Every structure is written in structure tokens, then in C-alpha cells.
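Asks: this is a predicted model, with the sequence first.
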Amino acid sequence: MLEEFVKDRYQRPIISLRITLTNRCNVNCLYCHHDGMITSKDEMTADELYSICKIAKNMGVKKIRISGGEPLIRKDIVEIIDKIASLEFEDISITTNGTFLEKYAEDLKNAGLDRLNVSLDTLNPETYMFITKKDYLESVKAGILKAVEVGFYPVKINMVIMKDINQNEIRDMFEFCKENNIVLQLIELIESENCDDDKFSADYHYKLDMIEEKLSEIADDVYERKFMQGRKKYYINGGEIEVVKPVDNANFCANCSRLRITPDGKIKPCLLRNDNLVELISHVRAGESEEKLKEIFMEGINKREPFNS
């Protein structure tokens, strides 16, 4: 029940903790906003990550999501998942570009990872090269199928829709997902102050409203996920599509239940702000008490406020 969760000043429960392990990445996607993070070369160790997750668990956090950069670029990624899984969260997931997934999928599953989101915007090799500047498409597809094979469910594909780049590929991606028991997430391109080129967002922004209307017309069933920013899931002919609207949607903020941790160990109360970070890792390294660390977590939680309303 929601009463079990710590809440911020706006009565939003803190259900999940999103940890950005690294800013490093082996692809260079056109639209990447680096998960709203300021670039830093500092990264926390597996033991430090465990300590932070332990405090979060003791404060009622139920879910952990690992992201990057590319989290699987960390050579200790399996150790990290193993340590976090020992804390028995309800759900541990990773967002990855999939390039190392074939190598790590089975070990991650055995370590206790529950779910995977793979960023893949196209099945066309030329378009993939245009978006990422790399030729990894076949490796990514192999990694996705390996993840399904070793028992991950659901595997989700995150597909950012871009005008004049891939908006006509949704049907092909949906068929690929349906054939392999994968959930497709369509993501509307957002503008962010952290983007290297805001003009890109403006030029290639493609509103998903019309697509949602079509999905509503043909869906066998529709489900709204209230505490996932009000996003909707459409069930169509045995397949599943979720639509993720940009954060300028007030529902995103009103229903936000996530706290973030930067690669260098700061609490980040809001995806779109970097002016209210709370220092955490130095306190962990100093061996400060659990009560003190909980106070620092609460400081971060109390700095949460809706960016849009």
C-alpha cells in the first residue's frame, strides 16, 4: 500500500531509486540527454552502491533501476547486481543499449536482475548507424534475443520516435517485439537543457498523439499506469505497446515516484534540474551512521518539487 512509502512534500511516494552508474557510453546517439546528468568521470564502487541501496531499502524504496551512459560498460556490473539483489528489492532493472547484452545476459539473470529495457530505435542498419554512429545493430539484436532466451520477462525495447528518421518503422518494430514476446515502448523525443543540440529536438520532434489515437482504435485493451507518469499500455493482437510522453506533460511530474543518484554519488531530486543536488557519497565513505544517511536521503526527497504543473 502507498502508506508504506516515504513521501515528499507533495505527497508523492518514493517507490524507486534510479542509479546512473556511469556517464561513459560506447555509442553516440543523436538525442542523448545523458539521463539529465552533469558529466563526471567519478564512479562509485560496487560496495558503495550497495551501501546506498541498503539505506534506500531501509527507507521503504521497493525498486531499483540501473542506467547510464551504458551500465554494461562497467566490468563489475554483475557484481553490482549481485550485491543489490542481496537486499531483496521487489524489482531490479537495467536500461542498456544492448551492445554487451549477449555477453552478460545469463550472468545478470543469475545475479538477480529482474528486467531489461533495451534502447533500440530502428531495425534498419543504415538508420542505426545514423542514430548511434556505430555498427552494432546485429550485436544488439543478438543480445535482446539472448535476454529472452535466458528468461528475462518482460524485455522492453525503448524506441525514441524521430520525425523523418524512424517514425515509419513502428509497425516493423512492433512485429519484431510481438514475435519475440517483447514489450515495445514508444518514447516521444524531449527537449532538455542538457542536450548538446536543442535544435535537433526541435527539428526531429514527432508528437505521439496521433499514434496514440490509432492505438486506442485498434487495441484489444488499454491500461493506464498511474504511478508511471500516467503512461498507457495498449494490448494489440497478442503484442504490447507502451507510450511514454515527454516530461513537459504535467502528469509526469504529478505522478513521479522516483529519486535519482548521479554516477559521482549525489542525490538528484529531479530529472530536469541540476541546481538542487545533495551530496551523499562523501558521507558514505566517511562511514557515517545509518541515521545520518537517512537524514541526507530525506534532504534529497524534500527537495523534490514538480518541474511542470
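Replies: Now that the structure is in, tell me what you want to look at. Numbering: from 1, shown residues only.
Asks: wait, isn't residue 29 in contact with residue 131?
Replies: Yes: judged on CB atoms under 8 Å, residue 29 makes contact with residue 131 at a distance of 5.8 Å. For glycine as for every other residue, the C-beta is placed from the backbone atoms N, C-alpha and C.
Asks: so which of the two has more stuff around it?
Replies: residue 131 (24 against 15; other CB atoms under 10 Å).
Asks: by contact count, what packs against the host helix or strand of that one?
Replies: For residue 131, the element it lies in under DSSP states H and E is helix 125-132. Packing partners of helix 125-132 (3 or more CB pairs under 8 Å, 6 or more residues apart in numbering; DSSP states H and E): helix 137-149.
Asks: moving C-terminal from the helix it packs on, which element do we reach first?
Replies: Counting by DSSP H and E, what follows helix 137-149 is strand 155-161.
Asks: buried stuff in whichever helix or strand comes after that next one?
Replies: Per DSSP H and E, the first helix or strand lying C-terminal to strand 155-161 is helix 170-179. Across helix 170-179, burial judged by 16 or more other CB atoms under 10 Å covers 170, 173, 174, 176, 177, 178.
Asks: run through the stretch 51-200 of the chain and note the low-pLDDT ranges.
Replies: By pLDDT under 70, the weakly predicted segments of the stretch 51-200 of the chain are 191-200.
Asks: kindly recompute the last result at 50.
Replies: Applying pLDDT under 50 to the stretch 51-200 of the chain picks out residues 192-196.
Asks: thought residue 7 was touching residue 13?
Replies: Yes: Residue 7 is within contact range of residue 13, at 5.3 Å (criterion: CB under 8 Å).
Asks: which neighbours do the two share?
Replies: Residues touching both residue 7 and residue 13 do not exist when contact is defined as CB atoms under 8 Å, 6 or more residues apart in numbering.
Asks: more neighbours: the two, which one.
Replies: Taking neighbours as other CB under 10 Å, residue 7 and residue 13 compare with residue 13 leading, 20 against 15.
Asks: leaving out chain neighbours, which residue sits closest to the more buried one?
Replies: Using CB to CB, 6 or more residues apart in numbering and skipping the chain neighbours, the partner closest in space to residue 13 is residue 5 (3.5 Å).
Asks: now swap in residue 4 and tell me
Replies: residue 60 (5.9 Å).
Asks: also residue 28?
Replies: That would be residue 133: by CB to CB, 6+ apart, it lies 4.5 Å from residue 28.
Asks: also residue 219?
Replies: Nearest to residue 219 is residue 234, by CB to CB, 6+ apart, at 4.2 Å.
Asks: check what pLDDT that neighbour gets.
Replies: Residue 234 carries a pLDDT value of 97.
Asks: what strands line up against the strand or helix carrying residue 224, and which way round?
Replies: Using DSSP H and E, residue 224 sits in strand 221-225. Strand pairing for strand 221-225, determined by DSSP bridges: strand 231-236 (antiparallel).
Asks: name the residues of the partner strand that are buried.
Replies: 231, 232, 233, 234, 236.
Asks: what does stretch 152-167 give?
Replies: For stretch 152-167, by 16+ other CB under 10 Å, it's 152, 154, 155, 156, 157, 158, 159, 160, 161, 162, 165, 166.
Asks: and that stretch, how far from the chain's centre?
Replies: Stretch 152-167 sits 13 Å away from the centroid of its parent chain (CA atoms, centre = their mean, to the nearest Å).
Asks: that older thread, now do the helix holding residue 131: everything it contacts.
Replies: 27-30, 97, 121-122, 134-137, 162, 165-166, 169.
Asks: coming back round to it: of the buried residues of stretch 152-167, closest to residue 142?
Replies: Closest to residue 142 out of those is residue 155 (13.1 Å), distances taken as CB to CB.
Asks: how close does the closest one sit to residue 260?
Replies: Applying CB to CB, to the nearest Å, the value for residue 155 to residue 260 is 23 Å.
Asks: next: residue 210.
Replies: Distance from residue 210 to residue 260, by CB to CB: 31 Å.
Asks: more neighbours, these two?
Replies: Ranked by neighbour count (other CB under 10 Å), residue 210 and residue 260 place residue 260 first, with 22 against 9.
Asks: need the contact list for that one.
Replies: Residue 260 touches 17, 18, 19, 20, 35, 36, 267, 268, 269, 271, counting by CB under 8 Å, 6+ apart.
Asks: got it, and residue 51?
Replies: residue 284.
Asks: that one belongs to a helix, doesn't it?
Replies: Yes: counting by DSSP: H, G, I helix; E, B strand; the rest coil, residue 51 is located in a helix.
Asks: ok, which stretches of the protein are strands?
Replies: 16-20, 63-67, 91-96, 115-119, 155-161, 183-188, 221-225, 231-236, 239-244, 258-261, 266-268, 278-279 (DSSP state E).
Asks: mind checking how far the first one is from the chain centre?
Replies: In this case it means strand 16-20. 8 Å.
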